[in-house]
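Trainee: Model the structure of this input:
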Amino acid sequence: MKLLDVEAVLDLETDIQETDPEREVLKELNDEDTRYAILSHRWSAEVGYEEMTGLMKMEERKRNKVRRRYGYHKIIKSCEQAMKDSYRWLWIDTCCIDKRSSSELSEAINSMYRWYQNAQVCYAYLNDVEESTFPTKKDDNKFDKSNGWPEWFVRGWTLQELIAPKEVEFFNKDWVHIGNKRRLAPMLEEITGIWRDVLTDGLSGKSLSVAQIMSWAANRKTTRVEDRAYSLMGLFGVNMPMLYGEGKKAFRRLQLEIIREYNDQSILAWKPQNPRAGSVLAEDPSDFQGCSRTRQLEPDEFVDELTARFEGRGLSCSPRIAVDSRARNQHKLAALSDAVNSQQFHTFTVSNAGIQVFLPIVPSRDSPSHCRAILACMDLGGLVTIDLVFSGRSFARTSINSLLPAAYPEFETLHLIHHQDTNQTRCEFTLDDNLASYHGFTRRGTYPREFTGSTVALSSPADDLVVIVYANDDSRSCFAIGFGYYLGQEWVHVAAYGHFPTQDEGRTDFGRRAYNRMWTARAQHAESMPTRDGGSEDDRFIKHVHIPRSIWAANVVWSEWRAGDSTVLVDVVQCPGCCDGPCALTTIPSDSPSTFAMHGLMKTVSCSYRVTLDGREVLVDECPGQRIALGDYGDYRNGNLIRMGNVFEDMSTLGIDPGYSAYCPVVPRVGTSQSLPPLLHMENANDVAVEDQFPREGYMVLHQPKAISLPANEHGALLLKALSTRLTGKHLVITVIQCSDFYKVDEFGIREHLRDGGAVSTLLYHIVSPQTWKRERPCAQRREQFTNIWEHFHALVNVVPSIIPWGVCLRY
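Mentor: Take a look at the predicted model:
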């Protein structure tokens, strides 16, 4: 390790003009043979290795600038204290590591615990303590960003810097001594949760579980996310290379190194604040927040706890074994004892197949894929268990809501998933929520992870859930949409709760509550999703929920095109008064395919021909001798559109400029349907063959076709939403295809005859029924209830007119 020469640093500061410019301030020494002091502190404006070693050779202006820095003042004060305590050498992490060298940095981080442990004394500098005494009471006003205590106690690296040294002396911001670790041990235990004897005597010889040590780091923070893991290596006596940029993977690597080193199942006993599925390893030390009393059990203790847990209940291994058969029960208990004392139980290894462990499990009564495993550790609540789900060839962590059968556990060798492949998507939802903004509902947060855009990807091998919160501050209304994946089934749920999140509570807390409710009921939500048996692949499904204290309802329209790839439309509509809570999914059967070319679902209502527009298959119809224009709408009967108007003509009445670029029609490329066989002859390379949905002899070919379509953007979707009130149930032309002429070829591509196309303007058109133009009929039952209430109230008024204040006019 490189140590500061205390005398050289102070001489440099005392008389820089007389100091030998070649004198070295840092020297390489062996930490085991050298008496040295070490500094523990919070970083701010520090002086680095290059500046410290080159200070004498700097020009005076630059050198004075470095000397005025806060970090330099800290170095000088540390050296003065070391000199006072008769230490010639001092180590400070800011200036004693050449961070330009990755190998030196990696060596320092892997050796740091040992360096603090071998130091004769550690100076803990508390830069935010002004008093001349150590703080003995929590002060949330003064230390509002660090849980009411000096910030030094919530930093990740200072955990090992408190535990490893034999002696720790605390100093305030003015370098006044305010106490030492041994005398302050009771107070430090209250602040940090670290056992008093660990503070005074170190980790050696203590029966501490991995979960307990992790719990000490649960509320600590680091600037770099990787340092959450790197700062804990010394506490567990493991080493691993530094890979800054790997993010949370660093903590996963740390746990795997610990598993390779120790046979301690408490590393699996973490308790996340919110349900999570996937890897059996924790994402962060904060997952161990509730594990300060989780202790590892020796084999004999584990057998005793298993016996006490199951023997007293009179349980049986299977229905065939009589509950009152004491001999059988003793046999099962003996089998548990043999398993715990076997070599398999002491095997805790890591491989590509997962973490191999031998655990007693109890299967779920509701799902053969789920089970509960019992770990060889316990907390105040007894033996610690984790819920698992079988996914492929390994088990993933999950949570089981149903009751487990009353049965003795049986030991099995399990391979547990120890990584979360974020690149592997199990299912994907394409989200279209632009229509919700028409009534002022916008995204206000997602939980438990953030995402933007229109794609919700779920990647858990068994269970996953993402919740999006939508809110309207003006009406103080909100609802949540859940996108889930459970045992191979994707699901969607919408929920609205009466409680509107306050500013203090925040949307995240509302999302957390919605997440927890949906997670608890995820099995039911997945089971409620429709199957394709007997239905059309173009069917759509609507789930509807009334938004409390409003006239609105949130609609979620779901359509699954293929397994793992679904499209979801979120809309807010006027509630027909049919419900108080979420309704079950209702099916909207489709006789013809729907299209998602525009924002919002569009049901194609007539389809005689098939072409491609920009490579996407589209079903179109032939104009029945009438003039059809893009944007026409009206009633569609017997193959004819009874035109009532045009959306471009209506824009001016809505105060919208039709010339605005966002509303301009787009020109997609027209192509031949991919399902057509290769044709042998067409007159022109730009001609396009059209597939007839009702095959007759030959194919129609369009000569130099041109298509124009309504814009597929948010502005177009909101325009249709604005027109939805008065155009309920109407149909809309979203694409027209024009050509100068057309002709016919047979199945071999031979031209049969030419039709006069000189008068042709619009030959084909695409007419749809927009989902946003559909409305549910008002609920007759609810309307009848309101009528009965009114009649009852009116009868009371007639019987007791005096209860109505004078001058009040009642109107129906």
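
Trainee: quick one: residue 276 and residue 448 touch, right?
Mentor: Yes - when contacts are counted by C-beta atoms under 8 Å, residue 276 is listed as touching residue 448 (7.4 Å). Where C-beta positions appear, they are placed from N, C-alpha and C, glycine not excepted.

Trainee: Just want to know which of the two has more residues nearby.
Mentor: Neighbours per residue (other C-beta atoms under 10 Å) separate residue 276 from residue 448, with residue 276 holding more: 21 against 17.

Trainee: Pull the distance from the helix or strand harbouring residue 572 to the chain's centre.
Mentor: According to DSSP states H and E, residue 572 maps onto strand 565-574. Mean-position distance between strand 565-574 and its chain equals 21 Å (C-alpha atoms, centre = their mean, to the nearest Å).

Trainee: next one: stretch 57-70
Mentor: Mean C-alpha position of stretch 57-70 versus that of the full chain (C-alpha atoms, centre = their mean) differs by 47 Å.

Trainee: Over to stretch 174-190?
Mentor: 40 Å.

Trainee: How far does stretch 206-224 stretch from one end to the other?
Mentor: Start-to-end span of stretch 206-224 (C-alpha to C-alpha, to the nearest Å) is 30 Å.

Trainee: From the chain's centre, how far out is that stretch? Work that out for me.
Mentor: In terms of C-alpha atoms, centre = their mean, the centre of stretch 206-224 is set 24 Å apart from its chain centre.

Trainee: cool, and stretch 157-168?
Mentor: Distance of stretch 157-168 from the chain centroid (C-alpha atoms, centre = their mean) equals 35 Å.

Trainee: what sits up against that stretch?
Mentor: Stretch 157-168 has contacts (C-beta atoms under 8 Å, 6 or more residues apart in numbering) with 38, 40, 112-114, 116-117, 119-122, 124, 152, 180-182, 188, 192, 194, 198-199, 202-203, 216-217, 220, 222, 227, 231-232, 234-235.

Trainee: Keep only those of the residues you listed that are in strands.
Mentor: Among the contacts of stretch 157-168, the members found in strands (DSSP state E) are 38, 40, 121-122, 124, 180.

Trainee: what mean pLDDT does stretch 47-65 have?
Mentor: Across stretch 47-65, pLDDT averages out at 87.

Trainee: Then stretch 126-146?
Mentor: Here stretch 126-146 scores 92 as its mean pLDDT.

Trainee: Please apply the same query to stretch 165-181.
Mentor: Mean pLDDT, computed over stretch 165-181, is 96.

Trainee: rewinding a little: what packs against the strand holding residue 572?
Mentor: Counting contacts by 3 or more C-beta pairs under 8 Å, 6 or more residues apart in numbering; DSSP states H and E, strand 565-574 packs against strand 427-432, strand 477-486, strand 489-495, strand 552-562.

Trainee: Comparing the ones you listed, which comes out most buried?
Mentor: Counting by mean count of other C-beta atoms under 10 Å, strand 477-486 has the highest mean neighbour count of the helices and strands packed on strand 565-574, with a mean of 26.

Trainee: Let's see the pLDDT reported for residue 753.
Mentor: So, for residue 753, pLDDT stands at 58.

Trainee: give the contact list for residue 105.
Mentor: Applying C-beta under 8 Å, 6+ apart, the residues contacting residue 105 are 97-99, 242.

Trainee: got the angle between the one helix or strand it maps to and strand 121-125?
Mentor: Here residue 105, judged by DSSP H and E, is contained in helix 102-118. Orientation check (axes from the mean of the first three to the mean of the last three C-alpha atoms, to 10 degrees): helix 102-118 against strand 121-125 gives 110 degrees.

Trainee: Can you give me the buried ones in helix 102-118?
Mentor: Buried residues in helix 102-118, defined by neighbour count with 16 or more other C-beta atoms under 10 Å: 106, 108-113, 115-118.

Trainee: what about the residue most central in space within the chain, which SS state?
Mentor: Central residue of the chain (C-alpha atoms, centre = their mean): residue 449, 2.4 Å from the mean position. Secondary structure, DSSP: H, G, I helix; E, B strand; the rest coil: residue 449 is coil.

Trainee: returning to that earlier point: would you list the helices and strands packed on strand 565-574 in a markdown table and tack on mean pLDDT and distance to residue 164?
Mentor: Below are those laid out as a markdown table (pLDDT from 0 to 100; distance: least, C-beta to C-beta, whole Å):
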| stretch | mean pLDDT | distance to residue 164 |
| --- | --- | --- |
| strand 427-432 | 85 | 47 |
| strand 477-486 | 89 | 44 |
| strand 489-495 | 88 | 49 |
| strand 552-562 | 76 | 55 |
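
Trainee: so which of those gets nearest residue 286?
Mentor: strand 477-486 (23.9 Å; C-beta to C-beta).

Trainee: ok so, going back, how close does the residue nearest to the centre of the chain get to residue 570?
Mentor: Separation of residue 449 from residue 570 (C-beta to C-beta, to the nearest Å) stands at 19 Å.

Trainee: how close does the residue nearest to residue 251 when sequence neighbours are not counted get to residue 253?
Mentor: Excluding its sequence neighbours, the residue lying closest to residue 251 (C-beta to C-beta, 6 or more residues apart in numbering) is residue 229, at 4.2 Å. When distance is defined by C-beta to C-beta, residue 229 is 7 Å away from residue 253.

Trainee: Check residue 261 too.
Mentor: Residue 261 is 13 Å from residue 253, by C-beta to C-beta.

Trainee: When these two are compared, which one has more neighbours?
Mentor: More crowded of residue 261 and residue 253, by other C-beta under 10 Å: residue 253, with 19 against 14.

Trainee: ok, the more buried one - contacts?
Mentor: 229, 240, 246.

Trainee: give the contact list for the second one.
Mentor: Taking C-beta under 8 Å, 6+ apart, we find residue 240 in contact with 110, 233, 253-254, 257.

Trainee: Same list, those residues, but as a markdown table with distance to residue 733 please.
Mentor: Conversion of the contacts of residue 240 to a markdown table gives the following (distance: C-beta to C-beta, whole Å):
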| residue | distance to residue 733 |
| --- | --- |
| 110 | 70 |
| 233 | 67 |
| 253 | 59 |
| 254 | 61 |
| 257 | 65 |
